[in-house]
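J.: Return atomic coordinates for the entry below.
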Amino acid sequence: MKTCLEGVKILELSHYIAAPFCGQLLGDMGAEIIKIERPGIGKGDAGRENAPFHKGMSLYYGAYNRNKKTLSLDISKPEGKEIFLELVKQADIVIQNFRPGVLEKLGLGYEDLKAVNPRLIMTSISGYGQNGPYRNRSALDMAIQAVSGFMATTGEPQGVPMKAGPVVSDFVAGLYGAYGTLAAYNYREKTGQGQHVDIALLDCMFTLLENYPTAYYLTGDIPPRAGNGRPWTAICGTYKTSDGYVHISATQNALYRKLCAAMQREDLLDNPNYATPRLRKQHEQELEPIVAAWMQNMSSEQAVSILEASGVPNGKVNSVVEISEHEQIKARQMIVTMHDELLGDYPIVANPVKMSAAAAIYEKTPSLQGAYNQEILQSYLGFADEKIQELTDKGII
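T.: Numbering: from 1, shown residues only. Model (predicted):
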């Protein structure tokens, strides 16, 4: 079976999540990914050191590095740099998430790589982007969530600003990175021209602020933290049941009417204070206890059944265990089991893109550092065994 990106060759200089996740998305669609790491224990992708571990493999590292061949190569040394440039000549794309300026200091920035391969696409993912006053600042997800305004909109109204649970900015940047890379690749196929794709975690998180910036510019409205509700509309919230929690979203008038019918409280429709989403938000402290009292004596299953039958958008709050075993997740084949000689059966979160003609592939489990050294150097550059051993002895690979 042909894959969408069969024949596309990508070099990945990456660590942690954003760039590895970007590369993995493209690898799932058939691109050949060579992940390059500095040789030596503790010198490769820093994610390899993050717990939890299974049979010596970091499950943090493993989550973002399937479908890749690993090459250990010290690009800071002249001979390693020369080898890297030879690989660049054969590559379509380079993905990297070093801090801005790092590769330029090594003579391996975009302009340097473009000189040896004018058709090359380079995707750089960083905290604040390749330009601007914050360019050189260090950045991890939680700092980006704070700076971007995302954290200010998250949490209870009277509580402290809160981060999202997972590291959202890294994943969003990886998604935008894959999107930008594919757009640049399509452009190159039409024009023959490569280009530099610049992805900033801050930019990506800023796009998640919905219409808030536009509302601020045009009306001066600043969204307050709304907990599990919405900043300007109601009814929307997460309510306790007898055995858990269920979320309800009934902000639109039609949905509000359906919720009132489900609760057998059509009398609420006659109250002019509740006539619009904005008015309901203003009187939310009156409405919330009514919904909460209706929910509290039902099981989550009962509540979901009634709400679903009434056409009210809802969702049981599932634990990681519950969603991992969920019938819909299984029906969508979102857990795939790969097999590895070292790791054994290795269940992974699958690629969510479902395609009718060229589905995602799951061929290579996360590999040990430098596991493909010999294969890559022989097949790409024609190195003999003796040359490879010499490079190993020098610490180049």
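J.: Count the neighbours of S356 for me.
T.: Neighbour count for S356, taken as other Cβ atoms under 10 Å: 5. Every C-beta, even on glycine, is put in place using the N, C-alpha and C of the backbone.
J.: Just give the closest residue to the residue positioned nearest the centre of the chain, not the sequence neighbours.
T.: Nearest residue to the geometric centre of the chain (Cα atoms, centre = their mean): F171, 1.7 Å. Counting by Cβ to Cβ, 6 or more residues apart in numbering, F21 is the residue found nearest to F171 once chain neighbours are left out, at 6.2 Å.
J.: which residues touch that neighbour?
T.: Under the criterion of Cβ atoms under 8 Å, 6 or more residues apart in numbering, the contact partners of F21 comprise 64, 170-171, 174-175.
J.: hang on, the earlier thing: which pLDDT value does the model give the residue nearest to the centre of the chain?
T.: On pLDDT, F171 comes in at 97.
J.: Regarding it, what is its secondary structure?
T.: Assigned state for F171: helix (three-state reduction, DSSP: H, G, I helix; E, B strand; the rest coil).
J.: could you measure it against D221, distance?
T.: 29 Å (Cβ to Cβ, to the nearest Å).
J.: still on that earlier bit, thinking the residue nearest to the centre of the chain is in contact with I17, fair?
T.: Yes. F171 is in contact with I17 according to Cβ atoms under 8 Å; the separation is 7.0 Å.
J.: And the strands in this protein?
T.: 9-13, 32-37, 53-54, 57-58, 69-72, 93-96, 121-126, 196-200, 236-240, 245-249, 314-316, 335-340, 344-349 (DSSP state E).
J.: List the contacts of the fourth one.
T.: It stands for strand 57-58. 47-52, 342-343, 366.
J.: Swap in 10 Å and give it another go.
T.: With contacts defined as Cβ atoms under 10 Å, 6 or more residues apart in numbering, strand 57-58 is touched by 45-52, 65, 340, 342-343, 346, 365-368.
J.: in its sheet, what does it sit against?
T.: strand 53-54 (antiparallel) (DSSP bridges).
J.: ok, the residue lying closest to E375 once chain neighbours are set aside - contacts?
T.: Nearest residue to E375 in three dimensions, chain neighbours excluded: K69, at 7.0 Å (Cβ to Cβ, 6+ apart). K69 sits next to 12, 27, 32-36, 364, 367, 371-373, 375-376, 379 when contact means Cβ under 10 Å, 6+ apart.
J.: Please apply the same query to F53.
T.: 59-62.
J.: quick one: it and M263, what's the gap?
T.: 49 Å.
J.: same thing with I125?
T.: In terms of Cβ to Cβ, I125 sits 47 Å off from M263.
J.: more crowded one of the two?
T.: Counted by other Cβ under 10 Å, I125 and M263 do not tie: I125 has more neighbours, with 28 against 18.
J.: Surely the more buried one and F171 touch.
T.: No. Using Cβ atoms under 10 Å as the test, I125 is too far from F171 to be in contact (11.5 Å).
J.: Right, I'll call it a day here.
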